[in-house]
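> The following block contains a protein sequence and its predicted model.
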Amino acid sequence: MKQLLLFLLPIFALCSSGQDAKPVDFYAELVEAAKARTEAQVRYDPAYVVLKYPGGDVPADTGVCTDVVIRTYRALGIDLQKLVHEDMRANFSKYPKNWGLSRPDKNIDHRRVPNLQKFFERKGASLTISKKIADYQPGDLVAWDLNNKSLWHIGVVVGPDQFVHNIGAGPVLETGIDSWKIVGHYRFKPAGWEPVAKNSAIE
């Protein structure tokens, strides 16, 4: 009996190890995190704010379009402030020079659409800017020029022709991905990402 038990113990351990658990779908998690942003009461405020680093954020009741993306990723344990700052510090010449800066600024760089575009292009996938709405899949990131004069905007695709963004009235779910000129289409999942416990994500 003892020998039988010793034989069965490794099998019991294998069965209880979670190896048969369904893998977490990163982009499904990202979509749920983006949708959750629409429940937050956020006043549109583009003011420059000095942030702690890493894990810095503007006050929870304020934000702009980029903060929707930043907070969506942060819910999955991904700190775009840190990731963008580290890449800009190492590759500053590759990033836009729209603001006359001579070095990275960890307080604001990740909150600027062109910088996010460059980061997603470098570290994720830059996808085709398509006229077919079906090409924009849940979890994709879309950047727009709202007035064809470099008024940049960004949002997270969450469903068929659905996206979450903040265009002035807080994070909302809307339709009409082609409502403005699309200037960027990206997909970003950090290498080695592991799901975080639901109650451990940074708010």
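Perfect, I can see it now. Everything numeric here is computed off the predicted structure, so don't read it as measured data.

> Using the three-state scheme, assign Val142.
The assignment at Val142 comes out as strand when based on DSSP: H, G, I helix; E, B strand; the rest coil.

> Does it touch Ile154 like I think?
Yes: under the criterion of Cβ atoms under 8 Å, Val142 makes contact with Ile154 at 6.9 Å. No exception for glycine: its C-beta is placed from N, CA and C like everyone else's.

> The two: which is more packed in?
More crowded of Val142 and Ile154, by other Cβ atoms under 10 Å: Ile154, with 25 against 22.

> Next up, the contacts around the more buried one.
Taking Cβ atoms under 8 Å, 6 or more residues apart in numbering as the definition of contact, the neighbours of Ile154 are 65-66, 68-69, 113, 116-117, 141-144, 165, 184.

> Tell me where the protein is predicted with low confidence.
Confidence mapping of the chain against pLDDT under 70 gives the ranges 1-22, 198-203.

> same thing but 90
Within the chain, the ranges that satisfy pLDDT under 90 run 1-24, 148-150, 192, 196-203.

> What ranges does it have for its helices?
All helices of the chain, identified by DSSP state H, fall at 2-15, 26-37, 65-74, 80-90, 113-123.

> Can you say which of these is nearest to Ala197?
In this view, the helices of the chain are compared for proximity to Ala197 by Cβ to Cβ, and helix 26-37 is the closest at 12.3 Å.

> Okay then, goodbye and thanks.
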